[in-house]
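[1] can't give you the sequence, but here's the structure:
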Ligand code: DGL
């Protein structure tokens, strides 16, 4: 009797969606990879567009925002939560994993692992937001895998603003990319991690400025593999072979999220609901 109750509970938990959140649209590049790799799963995604960008926020702010959204997703409920934002992962992942019951996966470690496995000369560059660079999350993650690897970080303040606004090819963007990649290139890394949700969308430009000898790492595929491994380990894969669904919540404008989001996800966004900040504020006190 107890065994069958536990089995029923496991089966109903497996049918729940995977929760995901980001400061806005960027995490949709991570969701895209998960939709491809895990077609049978349901997903519930929160884009905190009202408080975008996270990359300029303090650790305390990012911990608070991440706690609020995790509490919301846990109440949905979700069987697993992915912090699909490098800045939020860098600032808040350990606190979230300590405080919540639901298993939580971040996006820094999968890219670090891929970079260490790829680098021949053990010189790894990281392009990321100011918050991610300041947290030291990448040097910690890479150092934990290979303490002899050199990590060269480059913060790119303002870069996400171009991409978020739909600009992936202007001269102003190219000038900004050139300015950020030049000091990194001068230190001659052989592998560079795109440690921000938006950067895979300007991959060709980054590749041109860094040079063809540099291997660019988009952690999204590695993240999707880690999500799959976590589901298998915990026997939480959704049963059956019917394609899963995906839905969205945004703290900002619903129509704008639907329109701009489709570009990041490269899939249509139909089910988008408003998630007012007041509702999130009521879940966790500052
Ligand atoms: N999602 C953020 C990250 O990956 C980039 C955008 C932002 O600054 O909010 O770090």
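    Structure received. From a predicted model like this one, the values you see are computed outputs, not experimental measurements. Numbering: from 1, shown residues only.
[2] alpha carbons only for contacts and neighbour counts from here, please
    OK.
[3] residue numbers of the stretch 151-286 of the chain in contact with the ligand?
    Proximity of the stretch 151-286 of the chain to the ligand, by C-alpha under 6 Å from any ligand atom, involves residues 160, 196-197.
[4] could you rerun that using 8 Å?
    Taking C-alpha under 8 Å from any ligand atom as the test, the list of the stretch 151-286 of the chain residues beside the ligand reads 160, 195-198.
[5] try the stretch 1-150 of the chain
    Along the stretch 1-150 of the chain, the residues adjacent to the ligand under the rule C-alpha under 8 Å from any ligand atom are 22-27, 52-56, 84-88, 128-129, 131-132.
[6] state the pLDDT value of the most centrally placed residue in the chain.
    Among the residues of the chain, residue 84 comes closest to the average C-alpha position under C-alpha atoms, centre = their mean, at 2.3 Å. Residue 84 is assigned a pLDDT of 98 by the prediction.
[7] one more: residue 12?
    So residue 12 comes in at 89 (pLDDT).
[8] next one: it from residue 80, what distance?
    Taking C-alpha to C-alpha, to the nearest Å as the criterion, residue 12 is separated from residue 80 by 13 Å.
[9] quick one: which of these two has more around it?
    residue 80 (24 against 13; other C-alpha atoms under 10 Å).
[10] ok, what's across the strand from the more buried one?
    Here residue 80 sits in beta bridges with residue 18, going by DSSP bridges.
[11] relative to the whole chain's centre, how far out is stretch 144-160?
    16 Å (C-alpha atoms, centre = their mean, to the nearest Å).
[12] any chance you could list what contacts that stretch?
    Outside stretch 144-160, the residues that touch it by C-alpha atoms under 8 Å, 6 or more residues apart in numbering are 55-56, 113, 116, 122-130, 133, 138-139, 142-143, 173, 176-177, 180-181, 184, 187, 189, 198-199.
[13] what comes up buried for it?
    Going by neighbour count (16 or more other C-alpha atoms under 10 Å), the buried part of stretch 144-160 is 146, 149-156, 159-160.
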